[in-house]
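Student: here you go, sequence then predicted model.
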There are 4 protein chains.
Amino acid sequence: MDTVVQAEIEPGMSVDALVKSLKDCGFGARRLSMAADIYESMLSDSYVKFFTLSGAMVPAGMRNIISGLIRDGHIDVLISTGANLVHDIIESFGHHCLGAPEFDDAALRDMGLSRIYDVYLRDEDFVSFEELMQKILPECREAISGRELLRIMGSQIEDPRSILRAASDRGVPVFCPALPDSMIGLQAWLQSQSRPLLVDAFADVREIVDICYDSPRAGIFIIGGGVPKNFALQSMLVTPKSFDLAVQLTTDTPEAGGLSGATLSEAISWGKISADARYVTVYGDATITFPMIVAATLSRLKREE
Amino acid sequence: MDTVVQAEIEPGMSVDALVKSLKDCGFGARRLSMAADIYESMLSDSYVKFFTLSGAMVPAGMRNIISGLIRDGHIDVLISTGANLVHDIIESFGHHCLGAPEFDDAALRDMGLSRIYDVYLRDEDFVSFEELMQKILPECREAISGRELLRIMGSQIEDPRSILRAASDRGVPVFCPALPDSMIGLQAWLQSQSRPLLVDAFADVREIVDICYDSPRAGIFIIGGGVPKNFALQSMLVTPKSFDLAVQLTTDTPEAGGLSGATLSEAISWGKISADARYVTVYGDATITFPMIVAATLSRLKREE
Amino acid sequence: MDTVVQAEIEPGMSVDALVKSLKDCGFGARRLSMAADIYESMLSDSYVKFFTLSGAMVPAGMRNIISGLIRDGHIDVLISTGANLVHDIIESFGHHCLGAPEFDDAALRDMGLSRIYDVYLRDEDFVSFEELMQKILPECREAISGRELLRIMGSQIEDPRSILRAASDRGVPVFCPALPDSMIGLQAWLQSQSRPLLVDAFADVREIVDICYDSPRAGIFIIGGGVPKNFALQSMLVTPKSFDLAVQLTTDTPEAGGLSGATLSEAISWGKISADARYVTVYGDATITFPMIVAATLSRLKREE
Amino acid sequence: MDTVVQAEIEPGMSVDALVKSLKDCGFGARRLSMAADIYESMLSDSYVKFFTLSGAMVPAGMRNIISGLIRDGHIDVLISTGANLVHDIIESFGHHCLGAPEFDDAALRDMGLSRIYDVYLRDEDFVSFEELMQKILPECREAISGRELLRIMGSQIEDPRSILRAASDRGVPVFCPALPDSMIGLQAWLQSQSRPLLVDAFADVREIVDICYDSPRAGIFIIGGGVPKNFALQSMLVTPKSFDLAVQLTTDTPEAGGLSGATLSEAISWGKISADARYVTVYGDATITFPMIVAATLSRLKREE
């Protein structure tokens, strides 16, 4: 039986060295190290790479890591909540502010600040967001898919660090299955009052199922569960295929029965993940675990080049 | 300063008596008791009553409580995940099975069982679901809203305990902002290949915003966060109004910054909940806290009649 | 395969009826119902009944339920944190106050209030506590056990609702394995400066191991994990016996590897719980789940009398 | 108002560079970065450095990091659970094994393996542990403190990577307030049957309170809450002083009212932490966050030398 190897710390050590030092530890340390190993396989070999994004990752500072992964060819299909895309657009011209979770919320409202835990957003950035949306939301007489809408929007964003812009530049499809549930949805509805704009709610289903069918092998990196996780998994479900590699980062745990905390093993019973897949769930705040895994994995790819 | 009053247990006591006995306790006990007080106000007075539903509540056995609330006039607007509606339809002709969370998932797959934590679903029920969907999904040459699609489907479900049927019978609008992210979405897409079926992704936005505008006073009961929570809150955001009463049941906590664990206080900074609203979050598994709150609240309404 | 039976709510229903209605549900609902079934067996049959107490249960209002269980003969051995015993003593002459978790802590300090989440304790009650301790802490020339110390203290508390007094009256041993880690420990040390008071740190081990040896069958009810959980389980470990029934209420989950969230199944690998034991863990705030389980269980015993 | 600065990843980057890159992010990322800044202050300046240890950190592979901190002079007072010390002793001659959390626990028992989440311990290592304890547990006619007992034991452990040995070598006091609640307690009791061994339960209180009194300035690093956290904080409480710097790593959250999840702000209301202290709680699995913070902090100290 393999033994636990106590972790070792060296001053100045790299993230990759630390993650490797946790390989034969227990609990979250071992899962984190396994996640980097699986992600290394996913990025090194010929897998179609799905990436799902939930939780307020962009307001929390994870935007450049994600757009960087897209630009480096490490994301082939992105499935996101609407909020992360809204905040990506806001970051393209404005910014989020460092706040405090215990500040009085009624006072914040009077000051024109909306709070996301310890991050604030200024009303003026929402106004600018609305103005930009009037420019980048297209007119279209024919019904289009949500993915196409997001592609058109992304192509008009100037900031090269934008997730939507990077995806547009690289031809990476971006799916947002709950598009109406976001400021993008609100703006799209407002503008559809005065000009033609029709998104076919189910068109995205065909597009992502086609991608699943065409994937000889597929891997998935899941941040935070929710609708993006389920949409990616259910799309694979209707094909004869399954995901072969999977990493999930979540703060939720299985006991309450919700999807965001559901184990990846559970997805095997549905046929969404293959019975012989390599997979791991890392429990904890993705603003910590995600940068660690990416930093460790990219170091390894670099060496292989 | 008010004092903690130690809870008292009597054999045979009612749920309402227990919940009242927790009123001046600490921690979750006090929050649970406060939730029943707020929900009593919501159901007793002239509030427009929003209800948002996330987490696998229907597979876990909460379906009849929800359809009962609809039939009794205690829900005016329902916002749900797709999965809960799918499982509601399945319960209308089939059932879920009692399983175990630690059973081997690959073996379950071979046995034709899909697992949701400790609940199993049989493949044959999915087949029946697909057959039923072919009957109840409408043809429509004009684009319709997701809400209209769900109304048409609900009107054709025979089981009176169905959530969708109860909503259809009572004229309660049902919104599912992530409709593509469900078996309903998959079936709708499949059938749209051979017959006309077009859902306008943003039509629901107009409908729910109109309801928000027309609500003199509004209350919201939130189970589990996610897209349904955000969709209800953001719809109120674009009106000059806010929710006046709010109860949230969630297993998530605020520290990771995600929406499902965000405090209701945070929603005040956005203007989604009014600064002088009465609100409470009960942390814990809603399959426990939800039945307790409903049982306590309905007892009080009964006495007032 | 057994089917999920949807829960039903009746206005005015008893706690026991609600708990029974959750029996064939999923997730936490089913576990809660199973906990009541196991606890009913434990209290009905000839089990030696261990009860472990962690978390700030007394400040949160659970004191009378616990002392009531002792007086009714439903607890044979109590293992507690020091804090719960300190607060039990304070409640015997004073009280805790209803507070708010978000109040400024530096201001509270200036006001002479110490905070336990949303419960406050007044400095004056600590002063009275110290005065009382000077009276009830014994002098002893020979080393005594912690259990004996607590028995002597309990016998001098006047309030009949006190946990320590109820235990003393009923001859129920109370163990506090981390006795130095409490205001009792601080006071004992202070007084040992001026008069003889010596507690043998390991004497309790012998006493509880003897009880384990002499238990033909044993059940355990665990609130909150921690030292009390481990002390009870490890004491059984050194005997050839194991616990036959076990209920655990905890907010912690297994993934982080700590004892408070460890499954009861894990305890089987150690031999602390027997391989054919009936056991269940209910995840969630014990200030909610504990009163529910006790109310349901006592109702059943009543009917059997 | 300061702005969120999006994190940047470079292949090959050091842990310290990553932690610094998270400084102006949100959520856990920002807290982690703040923890490293506070720990850097604690280790750089003349603070008496308390370190509290809960959770199965040694079985999970964190032993060498802790003993390394002791040897480097970064821990002045250690307060630990008994279990971590037991496993430290076992690692001094044996080892823990890499296991799986879902393996059948009854089968593990038959195989002579005891499980701690995904780590196994072999029965034979327990046997060796008992043999070693017979050698290193002292005889003493006079009552000694738990700290003195642990010092004597530590001085006889041969492995230089041992926590107890490192503490003994460096003269660092080790407190274990729940000493009876561990295999050390069981062994001590067994041997006290046949030879003199008496530990005064309250002697440790005097020793640690004296240290608190003599600390011009004090900092505390808390892993996992529990008894060690409370014992350190309450010891400071009886002095006119408070902790000036504090870092807490925990998986627990405040809402359930337990000590392990209690905020450090709450400790200000008690006077355990000073109102103007710098402090932060990092929520998440300490097997991930602890190595990151130590690696980042040690890198900075190195550069300063």
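Tutor: Thanks, I have it.

Student: for the closest residue to residue A:287 other than its chain neighbours, which residues are in contact?
Tutor: Leaving out its chain neighbours, the residue that sits closest to residue A:287 by CB to CB, 6 or more residues apart in numbering or on different chains is residue D:29, at 3.7 Å. Where you see a C-beta, it was placed from the backbone N, CA and C, and this is true even at glycine. Counting by CB atoms under 8 Å, 6 or more residues apart in numbering or on different chains, residue D:29 touches A:60-61, A:285, A:287-288, A:291, D:7, D:22.

Student: with residue A:262 instead?
Tutor: Here residue A:262 is in contact with A:225, A:254, B:116-117 (CB under 8 Å, 6+ apart).

Student: could you do residue A:105 as well?
Tutor: A:115, B:265-269, B:275.

Student: kindly recompute the last result at 10 Å.
Tutor: Listed by CB atoms under 10 Å, 6 or more residues apart in numbering or on different chains, the contact set of residue A:105 reads A:113-115, B:263-270, B:273, B:275.

Student: narrow the residues you listed to those in helices?
Tutor: B:264-270 (DSSP state H).

Student: spatially nearest residue to the residue nearest the centre of chain A, not counting backbone neighbours?
Tutor: Chain A has residue A:53 as the residue nearest its centroid, 2.2 Å off, counting by CA atoms, centre = their mean. Nearest in space to residue A:53, with sequence neighbours left out and distances taken as CB to CB, 6+ apart, is residue A:80 at 4.3 Å.

Student: just name the closest of the ones in helices among the contacts of residue A:105 to residue D:146, please.
Tutor: Of all the ones in helices among the contacts of residue A:105, residue B:265 has the smallest distance to residue D:146: 44.3 Å, by CB to CB.

Student: what separates the closest one from chain D, distance-wise?
Tutor: From residue B:265 over to chain D the distance is 13 Å, taken as CB to the nearest CB, to the nearest Å.

Student: excluding its backbone neighbours, what's nearest that residue?
Tutor: residue A:105 (4.8 Å).

Student: still on that earlier bit, which one of the contacts of residue D:29 is nearest to chain C?
Tutor: Nearest to chain C among these: residue A:285, at 12.8 Å, using CB to the nearest CB.

Student: thought that closest one was touching residue A:251?
Tutor: Yes. Here residue A:285 reaches residue A:251: they are 6.1 Å apart, a contact under CB atoms under 10 Å.

Student: residues shared between the contacts of the two?
Tutor: Common contact partners of residue A:285 and residue A:251 (CB under 10 Å, 6+ apart): A:55, B:255-258, D:27-28, D:283-284.

Student: from those, which land in strands?
Tutor: Judged by DSSP state E, the shared contacts of residue A:285 and residue A:251 include residue D:283 as members of strands.

Student: could I have the ChimeraX command that selects the buried members from the shared contacts of residue A:285 and residue A:251?
Tutor: Buried residues within the shared contacts of residue A:285 and residue A:251, by 16 or more other CB atoms under 10 Å in any protein chain shown, are selected in ChimeraX with:
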select /A:55 /B:255,256,257,258 /D:27,28,283,284
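
Student: show me which positions of stretch A:150-167 end up buried.
Tutor: A:150-154, A:157, A:159, A:161-167.

Student: sorry, back to before: and the contacts of residue A:105, which are buried?
Tutor: Buried by 16+ other CB under 10 Å: A:113-115, B:263-270, B:273, out of the contacts of residue A:105.

Student: show me the strands in the stretch 101-250 of chain A, by range?
Tutor: All strands of the stretch 101-250 of chain A, identified by DSSP state E, counting those that start in this stretch, fall at A:113-116, A:119-122, A:174-175, A:218-223, A:243-250.

Student: which stretch among these comes nearest chain B?
Tutor: The nearest among the strands of the stretch 101-250 of chain A, by CB to the nearest CB, is strand A:113-116 at 4.2 Å.

Student: tell me what the closest one is packed against?
Tutor: Using 3 or more CB pairs under 10 Å, 6 or more residues apart in numbering or on different chains; DSSP states H and E as the contact definition, the elements that strand A:113-116 packs against are helix A:105-110, strand A:119-122, helix A:123-136, helix B:264-270.

Student: all set now, cheers.
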